[in-house]
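*Asks:* no sequence on this one, just coordinates:
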């Protein structure tokens, strides 16, 4: 069994949980302010899910483009649920961030003239997506990791440490985190003057998903459990092009290069749904169009439509979409340069998360969040492709800088020692469950994923969401007795999966409650029983907070600066 580490408690000014792009960018920004930083990750940093970002990163860098145009596209893409102050900051600061990355050594694609080249992405009025083939996230992440190594004197890296709970002091401020060292099972309390959550999204709540196995909503659940507000949890993006059954992502870059979507009759059906933008309408619009074709019997027998990349010159495919060539070959047995590949909408991204302001502050002093775990609400009801990498970097940097400023300003406080003992006891209790005492963790996880994919997906209605919520609540009960086979302490992934299951169930419950509450269709939330957008009643955020009797719902205003809501057409 795990042991409690009684050595000197590791203390940092700023503690970052998660080492993807948001976490690495936050750690670097804090280190530049001269404070001590610890960065914790449950996997090796370059195994973080930012790796999976294929298509690129948006910025209005070309002379003919403007940040205002980028911001308007983002606001429209969000179906007017995005907060316009935050969107303006993100779009205005984007060009400088791209140049910063380029100077650090990110090998962005260049055109014939040797200038930074762009590709077109959905919902954008200009080609403003900068990219590295179809491995943009991976390319940026490796460069930032090199920078972390350069700052190793100031940034301590704790790789393969799993966080189980946030630690609070008696004033209700966040001052640390309880962790388990994956390598040996020991428990450790880390203290800090500021904690930044950068732990990514919650895609594993759905099955299938484009998300890595590590995306289990840990940060969202940990923040929720200590009373932080969550926002826009109903807004779950289904990506239009994923491999059926497996959930592998086929980058939007394929459509950016000119690929067509076809139904089983060979029709380019987007003509009917988005005559101006066609395949490059926003993701929610394209996903609904595909699902409608499939539901109305114009899809293929395997419940898919086709993505035809053969219309893109072969040389260009091998240059700009080389990973997708391999995915098609290895996982679908298809040569995408010669024949269309079958795809369908699949779970991809959460627009909601821990509610923060534009500096990453949550409503709990000392607790920050950035990246997919957070909801600054730059994505509102629907995120535009290639805005997520931008979100991680801009708000990762801003939260790192603000957390460092806080650390310089305050005296550190200490959480009670009891928090570590309590976490150790709860983990020991999971490990002590007898084999056969309940269901396997994997069985519960599978049932959860299938229920969410069936009822809380592209199309939703009250009866379905209610059924999903009842399933989630039953699974919460069953999770209390789920047993683990591995009783050891070294790299016990079985035990971690049981903790992650608890995180996922909290995420799922909040998503279902918010989806039930929003009685309209906006962005990714399409209610077949309320098919219209209703600005009069629902142009507002849904907030969720853990109360004495469970989740409590409230509302907050959407910040509108210069773009008044209008009908959304592509």
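*Replies:* Sure, I can see it. The structure presented is a predicted model; accordingly, all values stated were derived computationally and were not measured.
*Asks:* Which residue ranges of the stretch 251-400 of the chain form strands?
*Replies:* Secondary structure of the stretch 251-400 of the chain, counting by DSSP state E, counting those that start in this stretch: strands at 260-262, 305-308, 341-350, 353-355, 367-369, 374-375.
*Asks:* Could you export those strands as TSV, including distance to residue 162?
*Replies:* C-beta here means a position set from N, CA and C on the backbone, and glycine is covered the same way. Formatted as TSV, the strands of the stretch 251-400 of the chain follow (distance: least, C-beta to C-beta, whole Å):
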stretch	distance to residue 162
strand 260-262	40
strand 305-308	37
strand 341-350	21
strand 353-355	19
strand 367-369	18
strand 374-375	20
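*Asks:* Next, the contact list for residue 484, please.
*Replies:* Listed by C-beta atoms under 8 Å, 6 or more residues apart in numbering, the contact set of residue 484 reads 430-431, 433, 441, 492, 494-495, 497-498.
*Asks:* Closest one of those to residue 169?
*Replies:* When those are compared for distance to residue 169, the smallest value, 26.8 Å, is given by residue 430; criterion: C-beta to C-beta.
*Asks:* out of the contacts of residue 484, who's nearest residue 102?
*Replies:* Nearest to residue 102 out of the contacts of residue 484 is residue 497 (C-beta to C-beta; 39.4 Å).
*Asks:* And that closest one, what's its pLDDT?
*Replies:* Confidence at residue 497, expressed as pLDDT, is 97.
*Asks:* Over to the one 4 residues further on?
*Replies:* Model confidence at residue 501, given as pLDDT, is 98.
*Asks:* In a helix, it, correct?
*Replies:* Yes: Residue 501 sits within a helix when classified using DSSP: H, G, I helix; E, B strand; the rest coil.
*Asks:* Please shift the residue numbers so they start at 481 in all later answers.
*Replies:* Sure, I'll start counting at 481 from here, so that last one is residue 981.
*Asks:* mind checking how far it is from residue 613?
*Replies:* Between residue 981 and residue 613 the distance is 36 Å, computed by C-beta to C-beta, to the nearest Å.
*Asks:* How about residue 803?
*Replies:* If you measure residue 803 against residue 613 using C-beta to C-beta, the figure is 7 Å.
*Asks:* Please say which of these two ends up with more neighbours.
*Replies:* In terms of neighbours (other C-beta atoms under 10 Å), residue 613 is the more surrounded of residue 803 and residue 613; the figures are 20 against 16.
*Asks:* List the contacts of that one.
*Replies:* With C-beta under 8 Å, 6+ apart as the criterion, the residues that contact residue 613 are 589, 799-803.
*Asks:* For it, grab phi and psi.
*Replies:* Note on residue 613: backbone dihedrals following degrees, to the nearest 10 are phi 40, psi -120.
*Asks:* now for the contacts of residue 613, which pair is the farthest apart?
*Replies:* For those, and using C-beta to C-beta, no pair is farther apart than 589 and 803, which are 14.0 Å apart.
*Asks:* What is the nearest of the contacts of residue 964 to residue 549?
*Replies:* Taking these together and measuring to residue 549 by C-beta to C-beta, the closest member is residue 977, at 44.8 Å.
*Asks:* List the contacts of the closest one.
*Replies:* Residues near residue 977 by C-beta under 8 Å, 6+ apart: 921-922, 925, 964.
*Asks:* Quick one: list the elements packing against the host helix or strand of residue 572.
*Replies:* Taking DSSP states H and E as the definition, one finds residue 572 inside helix 564-584. Contact here means 3 or more C-beta pairs under 8 Å, 6 or more residues apart in numbering; DSSP states H and E; on that basis helix 564-584 packs against helix 547-557, helix 616-630, helix 868-889.
*Asks:* who's in contact with the second one?
*Replies:* To tie it back to what came earlier, the one meant is helix 616-630. Helix 616-630 is contacted by residues 500-501, 504-505, 507-508, 519, 525-526, 528, 530-537, 581, 584-587, 610, 612, 635, 637, 869, 873 when judged by C-beta under 8 Å, 6+ apart.
*Asks:* For that helix, buried residues please.
*Replies:* Of all the residues in helix 616-630, those buried under the rule 16 or more other C-beta atoms under 10 Å are 616-621, 623-625, 627-628.
*Asks:* could you dump those residues to TSV with distance to residue 675?
*Replies:* As requested, those are arranged in TSV below (distance: C-beta to C-beta, whole Å):
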residue	distance to residue 675
616	28
617	24
618	27
619	29
620	24
621	22
623	25
624	20
625	21
627	21
628	18
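*Asks:* Could you single out the nearest of those residues to residue 857?
*Replies:* Nearest to residue 857 among the buried residues of helix 616-630, counting by C-beta to C-beta, is residue 617 at 22.0 Å.
*Asks:* any idea how far the closest one lies from residue 936?
*Replies:* 26 Å.
*Asks:* swap in residue 816?
*Replies:* Using C-beta to C-beta, which is the criterion applied here, residue 816 is 31 Å from residue 936.
*Asks:* What's the end-to-end length of stretch 779-790?
*Replies:* In stretch 779-790, first residue to last residue: 19 Å (C-alpha to C-alpha, to the nearest Å).
*Asks:* And the average pLDDT for that stretch is what?
*Replies:* Taken as a whole, stretch 779-790 has an average pLDDT of 96.
*Asks:* Just the residues contacting it, thanks.
*Replies:* 721, 724, 730, 734-735, 737, 739-744, 749, 770, 773-774, 797, 801, 804, 816-824.
*Asks:* mind redoing it with 7 Å?
*Replies:* The set of residues external to stretch 779-790 that reach it, using C-beta atoms under 7 Å, 6 or more residues apart in numbering, is 721, 724, 730, 734, 739-744, 770, 773-774, 797, 816-824.
*Asks:* what's the answer for stretch 1033-1049, then?
*Replies:* Contacts made with stretch 1033-1049 from outside it, assessed by C-beta under 7 Å, 6+ apart, are listed as 552, 555-556, 559-561, 563-565, 568, 993, 997, 1015, 1019-1024.
*Asks:* switch the cut-off to 6 Å
*Replies:* With contacts defined as C-beta atoms under 6 Å, 6 or more residues apart in numbering, stretch 1033-1049 is touched by 552, 555-556, 559-561, 563-565, 997, 1015, 1019-1021, 1023.
*Asks:* what about residue 624, distance to residue 731?
*Replies:* Per C-beta to C-beta, residue 624 is found 21 Å from residue 731.
*Asks:* just to revisit the earlier point, pLDDT and distance to residue 782 for the contacts of residue 613 - can I get that in CSV?
*Replies:* Putting the contacts of residue 613 into CSV (pLDDT from 0 to 100; distance: C-beta to C-beta, whole Å) gives the following:
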residue, pLDDT, distance to residue 782
589, 93, 34
799, 88, 30
800, 87, 27
801, 91, 23
802, 89, 26
803, 89, 23
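*Asks:* In which helix or strand does residue 612 reside?
*Replies:* Under the assignment given by DSSP H and E, residue 612 is not contained in any helix or strand.
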